[in-house]
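Novice: from the sequence below, what's the structure:
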Amino acid sequence: MDSRLYETKLANHKIFHEIKDGLKEIPNGMLCNLLELKDDVLYAWNAAKNCLLCVNLKQLEEHGDETQYQKLHLLTPPAFSVERIISSTCGSRLCVWGSRGVTVLELPSRWGRAGLFDSGSQTVLCKSHTLDERFLYSQSEVRRVHWHPSSLSHLLVLVSDNTIRLYNIALKNGPKLVKIFTIGAKPSSLLAGKTILDSLGDTAVDFTPTPDTDALLILRGNGDVYMMEFDLEGKSPLQAKLSGPLAMYPPADDNYGSESCSITALGGGDSPPLVVVATCSAALYHCLLLPNPSDKENGDSHALYVVEAVELNIVLNPDDVNMQHSYPVHLYPCTNNTYACMHAGGVHTVTLPLLAHLRDYALASEEDSETVLSAICSKSSVARHLVCTSGPSGPSDPSDPNGPGGLSAADGRFRPPVALALSAPPLPALLILCEDGTLLTRTLEPYDLEEQLYKEMQLKNPALDQDDISVILKERQKVSFTAIIQEILARQVSQPLLHAAASHEPSPQETLQVIQPYYSFTSFLTAISFGCAYSAETEQHATWLADLQVEVNDTQLQSSVLREKCVLAEKHQDDIKYRCSAVIRRLRAGCGPSAAERALIRELEVHRARGDQLADQLRLLQHHAQHKSHELKQWQEDYKKKDIALGKSHSDTISSILQQQTSQISTLIEETKLLKDQLSII
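Specialist: Numbers count the residues shown, from 1 in each chain. Here you go, the predicted structure:
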């Protein structure tokens, strides 16, 4: 994708005018990141409307200013101030979070020629869930959120009570708290507005996953780094081991800074991870995470070896005597050897040539190892100040004493960038959003500028040969050094940050007086934010209702028209059916029977003749049955009329015979009894 797209079309897109009002609600000096670039879609959080805005960069490259942006409204909008946006690895989910809450939203499907959400609807509803809303909003403070390095459905949240909470967000009934990992003592007592553990630096302030592993590096405020390993796919996925603090070599009296605030890890693959630890004084420590050869330090398996320390040269307002380098620093990995550093003074990028040589050192033989090691030590990191938002800036209009941002240098306020996003390779660039809605584009890889210019010119003009590119670069070298510096340093706005440090510890009465109006003002701001969100949602719902009513009216009109067409179509169908039947009858009447029809007729005639014969036989059988029935009836009547009786001689003979048989039977019974007695048969 052409880098000029970001500098011209995207920078002038109306999406930044839409979110400009919401950027004014960000407190002075608070670092946040309200942009996310994933799969050629740029997401921006609109604090005024409490919704997400997105624009498709591929469509923007084709259509330019005519490209419309979409509004993603959350079904459960966050009730807290959103400070950061992070996208999942697969790009199907986004997480918006702030110090008072975490909300996860599921992006709808993209289809159509342009690949827009919901086929290009201007307003899209997204399913969203808020994690532990009551606990995170009222009882603790969210300090860092990361997607699990080896899972697309688990989220890790670092809370101010020294715990890391693991959530499963891919359940049908909503997110579920899977496990709470305790990484230190729970803060309780307060001292000067902070807990005692916070004041001593014993609470975790940031954590980061290590490349290509499931281990987490946890940073405390005093500079101690802890390691926690757990595998979701193992037999016991919830049994995590916390080890540390990791030993740091060479050791230092102040443990390389007493006010650490941010940590990130680069590298991985063939080279060991390089850990970057940032302090509140804008000091960066580059450490190699290597296996620990000894088990003296509490049996830790790894140790940190500090390679170099980088102190950023941040220009502060000289008129502000209370600024004492006590502002936070955010770290954002960009490429395998480059990371961005956002702070109150703007944005720095730091490039580490060390990582490229570490792979060569690991693959080198024993003979070449010393040569590669000397090359590693000879090249130090390169820091580049991309955007400067600190220091006085001259007004663009001589009649305006406050300059383009409406603030003068005497105000003593700094306005750090509000968002930072990384564009896709092969020419990655940082998109930096200023607080006035201005989008700035800065390229990476400053240490290899000539090679980068070759790549960019070849991508813009593939037909150019190497000789043509060399000629263009020579023509570029004829430009004066002053013009080049003015072009590099040209910027439209530079606004300061207000930082007032307390000179003495307040008394309890003064503390109460400070807290009371702050609490009222916070409640007022909360009410205003809820009111603004409610009014925005009400206005959007009214717009949806009007659109739905128009669609309902159109649907009813189309339904009546279709109903009339259906009735007319049925009438025409009946007419056509009658006409077809008439045509078939006429065709059959006009022609003789076919061979098959004649054969069928003959077969039917045969069956009819056989049917007649069977009917005649059936009639004969019925007549014969009636005749036999009549004869049987006549025989029964004649039989009943006969008088059958025996004579006297016959009766006497029968009686005598029966008496003789009876006497014989009695004699046989007596003889049988005598035989049983003789034979003793019972």
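Novice: K71 and T123 touch, don't they?
Specialist: Yes - counting by Cβ atoms under 8 Å, T123 is a contact partner of K71 at 5.0 Å. To be clear about C-beta, it is placed using only N, CA and C from the backbone, and glycine gets the same treatment.
Novice: out of those two, which sits in the more crowded spot?
Specialist: Between K71 and T123, counted using other Cβ atoms under 10 Å, the more crowded position is K71 (18 against 14).
Novice: gap between the most centrally placed residue in the chain and D360?
Specialist: Among the residues of the chain, R93 comes closest to the average C-alpha position under Cα atoms, centre = their mean, at 1.5 Å. The gap separating R93 from D360 is 38 Å, by Cβ to Cβ, to the nearest Å.
Novice: now stretch 343-358: mean pLDDT?
Specialist: Average pLDDT, stretch 343-358: 84.
Novice: who's in contact with the residue nearest to the centre of the chain?
Specialist: For R93, the contact set (Cβ atoms under 8 Å, 6 or more residues apart in numbering) comprises 87, 104-107, 169.
Novice: what is the least confident helix or strand in this protein?
Specialist: Least confident helix or strand of the chain, by mean pLDDT, DSSP states H and E, is strand 190-191 with a mean of 52.
Novice: against Y137, how distant is the closest residue to L136 other than its chain neighbours?
Specialist: In space, and not counting its chain neighbours, L136 is closest to G101: 5.0 Å by Cβ to Cβ, 6 or more residues apart in numbering. Distance, G101 to Y137, by Cβ to Cβ: 5 Å.
Novice: which one's more surrounded, these two?
Specialist: Neighbour tally, G101 and Y137, criterion other Cβ under 10 Å: the higher count belongs to G101, 21 against 18.
Novice: from what I can see the more buried one touches P77, true?
Specialist: No - G101 is beyond contact range of P77, at 10.9 Å (criterion: Cβ under 8 Å).
Novice: any idea how far the closest residue to F16 other than its chain neighbours is from C388?
Specialist: Nearest in space to F16, with sequence neighbours left out and distances taken as Cβ to Cβ, 6+ apart, is G437 at 4.6 Å. Remark: distance between G437 and C388 (Cβ to Cβ) = 18 Å.
Novice: could you do R415 as well?
Specialist: 12 Å.
Novice: one more: K14?
Specialist: Taking Cβ to Cβ, one finds K14 at 27 Å from C388.
Novice: show me where the chain has helices.
Specialist: Using DSSP state H, the helices of the chain run over 4, 15-23, 57-63, 133-138, 196-200, 354-363, 369-378, 449-460, 466-477, 481-489, 508-590, 595-641, 648-679.
Novice: and D161, its phi and psi?
Specialist: Main-chain dihedrals, D161, degrees, to the nearest 10: phi -90, psi 30.
Novice: so between R415 and C388, which is more surrounded?
Specialist: When neighbours are counted by other Cβ under 10 Å, R415 and C388 differ, and R415 comes out ahead with 23 against 16.
Novice: so what's L288 closest to, chain neighbours aside?
Specialist: Per Cβ to Cβ, 6+ apart, closest to L288 is Y305, 4.6 Å.
Novice: before we move on, back to that, mind putting the contacts of R93 into CSV with pLDDT and neighbour count?
Specialist: Output for those, formatted as CSV (pLDDT from 0 to 100; neighbours: other Cβ atoms under 10 Å):
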residue, pLDDT, neighbour count
S87, 94, 18
V104, 94, 24
L105, 93, 22
E106, 93, 15
L107, 92, 22
I169, 91, 21
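Novice: which among those residues gets closest to C32?
Specialist: Checking these against C32 with Cβ to Cβ, the nearest one is S87 at 15.9 Å.
Novice: where does the closest residue to the closest one other than its chain neighbours land on pLDDT?
Specialist: Here the nearest residue to S87 in space, its sequence neighbours aside, is K38; by Cβ to Cβ, 6+ apart that works out to 4.3 Å. We have a pLDDT of 92 for K38.
Novice: tally of neighbours for K38?
Specialist: 20.
Novice: where do the contact lists of K71 and T123 overlap?
Specialist: Q540.
Novice: mind listing the strands in the stretch 251-400 of the chain by residue range?
Specialist: Counting by DSSP state E, counting those that start in this stretch, the stretch 251-400 of the chain has strands at residues 260-268, 271-279, 283-291, 302-311, 330-335, 338-343, 346-351, 382-388.
Novice: out of those strands, which gets nearest to Q626?
Specialist: Evaluated over the strands of the stretch 251-400 of the chain, closeness to Q626 peaks at strand 260-268, with 110.5 Å, by Cβ to Cβ.
Novice: could you give the angle of the closest one to strand 283-291?
Specialist: Orientation check (axes from the mean of the first three to the mean of the last three Cα atoms, to 10 degrees): strand 260-268 against strand 283-291 gives 50 degrees.
Novice: same for strand 260-268, what does it pack against?
Specialist: strand 204-209, strand 215-220, strand 271-279, strand 330-335, helix 354-363 (3 or more Cβ pairs under 8 Å, 6 or more residues apart in numbering; DSSP states H and E).
Novice: what's next to the longest one, contact-wise?
Specialist: Under the contact criterion Cβ under 8 Å, 6+ apart, helix 354-363 has outside partners 266-267, 269-272, 274, 286, 288, 307, 336-337, 369, 372-373, 375-376, 379, 381.
Novice: pull out the buried members of these.
Specialist: 266-267, 271-272, 274, 286, 288, 307, 336-337, 372, 376, 381 (16 or more other Cβ atoms under 10 Å).
Novice: make TSV from these and add pLDDT and distance to L158 to it.
Specialist: Shown next, in TSV, are those (pLDDT from 0 to 100; distance: Cβ to Cβ, whole Å):
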residue	pLDDT	distance to L158
L266	90	20
G267	83	23
S271	78	27
P272	82	24
L274	90	22
H286	92	23
L288	87	24
V307	86	26
N336	82	25
N337	85	26
V372	71	38
I376	70	33
S381	84	27
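Novice: just the closest of those to L679, please.
Specialist: P272 (118.2 Å).
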